[in-house]
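Undergrad: Make a model of this:
(4 chains)
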There are 2 protein chains.
Amino acid sequence: MKLLDIGEITERSGVKPSTLRYYEEVGLIQSITRHGLRRQYEPQILTKLSLITLAKAGGFSLTEIAGMFSEKGQLQIPREQIRERADLIDEQIKELTALRDILHHVADCPAPSHMECPSFQRMLKASDRRKPAKKKPPTK
Amino acid sequence: MKLLDIGEITERSGVKPSTLRYYEEVGLIQSITRHGLRRQYEPQILTKLSLITLAKAGGFSLTEIAGMFSEKGQLQIPREQIRERADLIDEQIKELTALRDILHHVADCPAPSHMECPSFQRMLKASDRRKPAKKKPPTK
DNA sequence: ATACGACTTCAAGTCAACTTGAGGTCAAGT
DNA sequence: ACTTGACCTCAAGTTGACTTGAAGTCGTAT
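TA: Presented below is the predicted three-dimensional model:
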């Protein structure tokens, strides 16, 4: 199976050499051998990089992403964790959807002051329900 | 109209005092006055903080968020920009959806090696179409 | 044989977004 | 009058994810 050198990986994945080296340094990917000094990669690394890029776009940290791969480089997460992550992403999708809807509203609503527009307020409130606990009970 | 002091803002918004001070430092929010040393805020700041929190969750930088507010603290973005932002968010939602679907697949597909599973590959390819341009045309 | 260009290492730098710590101030309760 | 607790300032530190720069090494084309 033919190997690809770092330049080719960069070209085909859009990930810079410096970034690839950094990913290797932190143990996220490995180069399989060297040609002279040049790192050589197995073609599968491209799949892995797609996955990494995608997960980053989803707001996962490199550490979290690293945790999604087993030693052999396979995706290997206990099912339970996968569900958790999927739920997290759903959460995020909802937030983004709320934000988008708010923007649309702002674009279309001719009210001079959105801050006081009731439907604007309503949308914001709806997005607030995932907040840290408030301490004050309605005491008194 | 009664003012809220920083502790109350923290309690009701979930945003830490240090963060509020930081936001003020970078010009994202303002405290309206002081009670002794204590910052006092107008209640509307809570709406603004909701919006900030939401936008942050949407991956916007503080600088970008600051750009969404006019001097008076109102949301004020040219319609064209709003559409752009909304499209950006849609983009992100698509990415997240792809990621979630991949995770679901991984959770359900009993194949030993996802990396080679064709439907896994297909999903990844689908998420790749937003990549930087490749230089190599099929020359030769 | 040599020059070229694409890589290499390693340390240091950068950026955003906060957080922490030391030392200080203030108003309200006892 | 004094203590307390919640705030204050300001500088420095932290984290994550890279990037940059200087100095060096190779394989390949000429």
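
Undergrad: Give me the residue ranges of chain A where confidence is low.
TA: Scanning chain A for pLDDT under 70 picks out A:1, A:72-73, A:129-140.

Undergrad: which SSE is the closest residue to residue A:58 other than its chain neighbours in?
TA: Spatially, and ignoring its direct neighbours in sequence, residue A:58 is nearest to residue B:99 (4.6 Å; CB to CB, 6 or more residues apart in numbering or on different chains). All C-beta spots, glycine's among them, are computed from the backbone N, C-alpha and C. In this structure, residue B:99 sits in helix B:79-108 according to DSSP states H and E.

Undergrad: Quick one: the helices in chain A, in order.
TA: A:6-13, A:17-25, A:45-57, A:62-66, A:79-108, A:118-128 (DSSP state H).

Undergrad: among the ones you listed, which is the most enclosed?
TA: Most buried of those, by mean neighbour count (mean count of other CB atoms under 10 Å in any protein chain shown): helix A:45-57, with a mean of 21.

Undergrad: In terms of secondary structure, what does that one contact?
TA: helix A:6-13, helix A:62-66, helix B:79-108, helix B:118-127 (3 or more CB pairs under 8 Å, 6 or more residues apart in numbering or on different chains; DSSP states H and E).

Undergrad: Tell me the spacing between residue A:57 and DNA strand D.
TA: 11 Å (CB to the nearest atom of the strand, to the nearest Å).

Undergrad: nearest spatial neighbour of that residue, skipping sequence neighbours?
TA: In space, not counting the residues next to it along the chain, residue A:57 is nearest to residue B:95; the distance is 4.6 Å by CB to CB, 6+ apart.

Undergrad: Please identify the residues of chain A in proximity to DNA strand D?
TA: For chain A, the contact set with DNA strand D under CB under 7 Å from any atom of the strand comprises A:16, A:18, A:19, A:21, A:22, A:35, A:36, A:37, A:56, A:61, A:62, A:63.

Undergrad: The first one and residue A:10 touch, don't they?
TA: This means residue A:16. Yes - look at residue A:16 against residue A:10 with CB atoms under 8 Å: they come within range, at 6.0 Å.

Undergrad: To residue B:104, which of the helices of chain A lies closest?
TA: Nearest of the helices of chain A to residue B:104, taken as CB to CB: helix A:79-108 at 6.0 Å.

Undergrad: now that closest one against helix A:45-57, angle please.
TA: Using axes from the mean of the first three to the mean of the last three CA atoms, to 10 degrees, the inter-axis angle of helix A:79-108 relative to helix A:45-57 is 60 degrees.

Undergrad: Tell me how far helix A:79-108 lies from the chain's centre.
TA: Taking CA atoms, centre = their mean, to the nearest Å, the mean C-alpha location of helix A:79-108 is offset from the chain mean by 12 Å.

Undergrad: before we move on, back to that, which residues touch the residue nearest to residue A:57?
TA: A:54, A:57, A:58, B:127, B:130 (CB atoms under 8 Å, 6 or more residues apart in numbering or on different chains).

Undergrad: surely the second one meets residue B:93?
TA: No - in terms of CB under 8 Å, residue A:57 does not count as a neighbour of residue B:93; the distance is 10.7 Å.

Undergrad: Could you confirm whether stretch A:69-79 reaches chain B?
TA: Yes - using CB under 8 Å from any CB of the partner chain, we find that stretch A:69-79 touches chain B at A:73, A:74, A:75, A:77, A:79.

Undergrad: returning to that earlier point: can you add distance to residue B:107 and give the residues of chain A next to DNA strand D back as TSV?
TA: Output for those, formatted as TSV (distance: CB to CB, whole Å):
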residue	distance to residue B:107
A:16	32
A:18	34
A:19	29
A:21	32
A:22	30
A:35	38
A:36	42
A:37	41
A:56	21
A:61	21
A:62	22
A:63	21
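
Undergrad: how does chain A divide into domains?
TA: Annotated domains of chain A cover A:4-66, A:79-128 [automatic domain parsing].

Undergrad: What distance do you get for the residue most central in space within chain A to residue A:87?
TA: A centroid search over chain A (CA atoms, centre = their mean) returns residue A:58, at 2.1 Å, as the residue closest to the centre. Plainly put, residue A:58 is 13 Å away from residue A:87 if you go by CB to CB, to the nearest Å.
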